[in-house]
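# pasting a predicted model and its sequence here:
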Amino acid sequence: MYLLGMRFLLPLLAFLLPSVHGQWKVDEGLQMACNQTGSMDSWHQRDDAQSAVGDKCAMRFNVATRDQADADEFCQLYAPWRFEKAVREDAGRPTVTCHVEATFTCRTGWMQMFGYCFRMPDKNLVANFTDAQDICAKEHGVIAYMHHRYIVGVWKRFFHGVSQVWVRASETWDQYIQKTNRVDGDALALAFTGIHYNFAVPANSLIKIDPSIRLQVLCQYKPNNTAAEVSYLGRRYSEIYYPVVQTDNGILVRTASSYTRSSKNKDMCKKAVKPFMSYISGPFLSNKEALTTLRQTNFPLTWMYRAGVDSDQDYKALSSSQIQQSCSKHFYVMNDDGEIWSTPAKQSTKCTMLSYAINTLQGTMLYQMPDARSLPMWCALGQKVEFKYRTDDGYTLYHRKNGEVVGHKLVTTEVTYDEAKKLCMAEGGLVSGVNSDDEAEKMTEIAKKAGLDTKQIWLGGKRRAECNQIDGFSEDPNSDCGRNNVIMWEHNVATAFYDHWWRNGEHHDNPSYWKGQQNCLTLVVGSPAWSGSITAGFLDDISCASKHPFFCTKPADIDEESLWGKS
């Protein structure tokens, strides 16, 4: 076993427990341990809360071990963070260097062990089992659980001087329970020292006793998942399964089986990532950054994978005898959020296929493929990070489903479209866009609260110049002058248009481009006279020279403190 170095470790670990709660941008326990072992030359602190690499340290111990397995066991016992490797050396004195990573960050005053955070609120405090539960609840935790086969030894070395504590454990630990023959009951406890005035058992015994007995209290909580933890799990997964691909805030996991295009692709992904016990974002969204990552990865054998991307073509039109001469420029992902992504893809001349796959042999691009083609599927696994945002006074925050957070401000002064653009730009903004039915509804609510019950309000869309010779819009949905392409969002304030967004008149469909003068776009609030009994839809094209209120928009700023959170 370990022949040297034991004496200094207990004081070291005892020093790691601060007592003040506060913000945490680093795992303080690992940082202090790294410092106390004289290993700060190896210290690497995570870049930010979304970093795929956690805090790291290569902790050096003066200890002799029998073999590599003994060194690995030593590191897991004495450096209880995510274990990477143990390096044995003997340059006149035997040492073991434990390379570990804190993938989580624990609140100040808590110690990370095997992916959980532990704390003794007060070593001098004793409580019955029920009171111990309440004490931990006040700490936003629960009674400590025996998660790992080494955890008893780690607790003993870290919380030195502790006699007996209440614990929780699975049934697999029942075989180790000792009888007290005096106060046996149904509450689980761990007796580091076996002598208690109510019972006597061998040291380090697991016991079930009367819950009214008073013991010390050890609490734990599970920290929020992080991109670093997901990355760690991905590396472990790769050891026994298909290699995962690292992305900015998570990983891509490949399914073992092959699938055709299906509305149940997300269910397949849930099964594929079940071992990670983490947030599943759905089928892989093939944006440019992710495709670049795939291009830099060498995949064995398989050359084509199903992407979680479908064309946004009209299914009825595709099933008709009419031949579609060109494909849509947009693709969408069928997931819970209905997120819309603009994705580069190689398209055939006729739109007869709705699915896309990743071809890694030809430069990692998206290629059209038949829906019936069966291929493995990539699933995106990542941590949904919650931020706090701020924007200027007068702007209302809106969280778009594609991840954007914007602010909208209603200005009730009636001006022309060009004047609205100048006024918005003067305060660092743009005329607003709309990305969903819900966003339009929220903007309509803002207008109605301001007393604009029946009004048209400028939005930042304008008719394409090349479509000015067309009356209304082209019937070809794939044409640049088609109904949902003829007006484009200026400055990318939004991404798309949909048929049901247009408010039609009783005798015409919009955008009508009436008399060749309606080049600009408005949000329709209430029921203008021209729409008659028609109330569905919220967009209308109108003359840019007419005067209306307007919405300005700005991207929201992230509150930097929210990147880390508070205890």
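Sure thing, it's come through.

# got the residue ranges for the helices in the protein?
Under the criterion DSSP state H, the chain contains helices at 6-14, 28-36, 68-78, 129-138, 151-158, 227-240, 265-272, 288-295, 315-319, 417-426, 437-449.

# low-confidence stretches in the stretch 1-150 of the chain?
Across the stretch 1-150 of the chain, residues meeting the criterion (pLDDT under 70) sit at 1-24.

# how far away is Asn35 from Cys57?
9 Å (CB to CB, to the nearest Å). In this view, the C-beta of every residue, glycine as well, is placed from N, C-alpha and C.

# next one: Ala536
Here the criterion is CB to CB. By it, Ala536 lies 61 Å from Cys57.

# try Val245
For Val245, the distance to Cys57 - CB to CB - is 27 Å.

# looking at the two, which is more packed in?
Ranked by neighbour count (other CB atoms under 10 Å), Val245 and Cys57 place Cys57 first, with 27 against 21.

# mind listing what the more buried one touches?
30-31, 33-34, 39-40, 42-44, 99-100 (CB atoms under 8 Å, 6 or more residues apart in numbering).

# can you pull the buried residues of stretch 185-196?
Across stretch 185-196, burial judged by 16 or more other CB atoms under 10 Å covers 187-192, 194, 196.

# find the nearest non-adjacent residue to Ile470, please.
Cys481 (5.1 Å; CB to CB, 6 or more residues apart in numbering).

# tally of neighbours for that neighbour?
20.

# that one against Arg464, yeah?
Yes - counting by CB atoms under 8 Å, Cys481 does reach Arg464; the two are 6.7 Å apart.

# for the contacts of Cys57, which entry has the maximal number of neighbours?
Leu30 (28 neighbours).

# from Leu190, how far out is that one?
25 Å.

# name the nearest residue to Met113, sequence neighbours excluded.
Met113's closest residue in space is Pro80 (CB to CB, 6+ apart), at 4.1 Å.

# what of Ser170?
Met146 (7.8 Å).

# max-length strand in the protein?
strand 405-415 (DSSP state E).

# ok so, going back, now, the most widely separated pair of the contacts of Cys57?
Greatest spatial distance in these: Gln31 and His99, 15.4 Å, computed using CB to CB.

# highest mean neighbour count out of the helices of the chain?
helix 28-36 (a mean of 22; mean count of other CB atoms under 10 Å).

# before we move on, back to that, list phi and psi for the residue nearest to Met113.
Phi and psi for Pro80, reported as degrees, to the nearest 10, are phi -80, psi 40.

# average pLDDT for stretch 232-252?
Taken as a whole, stretch 232-252 has a mean pLDDT of 75.

# for the residue nearest to Ile470, phi and psi?
phi -110, psi 10.

# what are the bridge partners for Lys409, then?
Note on Lys409: beta-bridge partners by DSSP bridges are Cys552.

# so who does the residue lying closest to Asp27 once chain neighbours are set aside touch?
Distances taken as CB to CB, 6+ apart place Ala102 nearest to Asp27, at 3.5 Å, with adjacent residues excluded. If you count contacts by CB under 8 Å, 6+ apart, Ala102 has them with 27, 29-30, 54-56, 81-82, 112.

# what does Thr97 give?
58-61, 86-87, 89.

# let's see that with 6 Å instead.
Neighbour list for Thr97: 58, 60, 87 [criterion: CB atoms under 6 Å, 6 or more residues apart in numbering].

# then Tyr513?
Gly472 are the contacts of Tyr513 under CB under 6 Å, 6+ apart.

# quick one: the closest residue in space to Leu190 that isn't next to it in sequence and Ser42, what's the gap?
Nearest residue to Leu190, sequence neighbours excluded (CB to CB, 6+ apart): Val167, at 4.8 Å. As for Val167, its distance to Ser42 is 33 Å (criterion: CB to CB).

# in strands, which of the contacts of Ala102 fall?
Counting by DSSP E, the contacts of Ala102 contribute 55-56, 82, 112 to strands.

# what subset of those residues is buried?
By 16+ other CB under 10 Å, those give 55-56, 82, 112 as buried.

# tell me the bridge partners for the spatially closest residue to Cys106 that is not a sequence neighbour.
Leaving aside its chain neighbours, Cys106 sits nearest to Cys117 (3.7 Å; criterion: CB to CB, 6+ apart). Beta-bridge partners for Cys117, by DSSP bridges, are Gln112, Tyr221.

# shouldn't Cys117 be in contact with Trp110?
Yes - counting by CB atoms under 6 Å, Cys117 does reach Trp110; the two are 4.0 Å apart.

# and those two? Which one has more around it.
Using other CB under 10 Å as the criterion, Cys117 and Trp110 rank with Trp110 on top: 26 against 21.

# so the more buried one touches Tyr116, yeah?
No - the criterion here is CB under 6 Å, and Trp110 misses it with Tyr116 at 9.2 Å.

# domains in the chain, as residue ranges please.
1-113, 117-224, 244-382, 389-555 (automatic domain parsing).

# on that earlier part again, with distance to Gly428 added, can I get the contacts of Ala102 in TSV?
Output for the contacts of Ala102, formatted as TSV (distance: CB to CB, whole Å):
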residue	distance to Gly428
Asp27	38
Gly29	43
Leu30	42
Gly54	37
Asp55	37
Lys56	40
Trp81	44
Arg82	44
Gln112	42
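
# and of those residues, the nearest to Val162?
Gly29 (17.2 Å).

# ok, the closest one to Gly115 distance?
For Gly29, the distance to Gly115 - CB to CB - is 13 Å.
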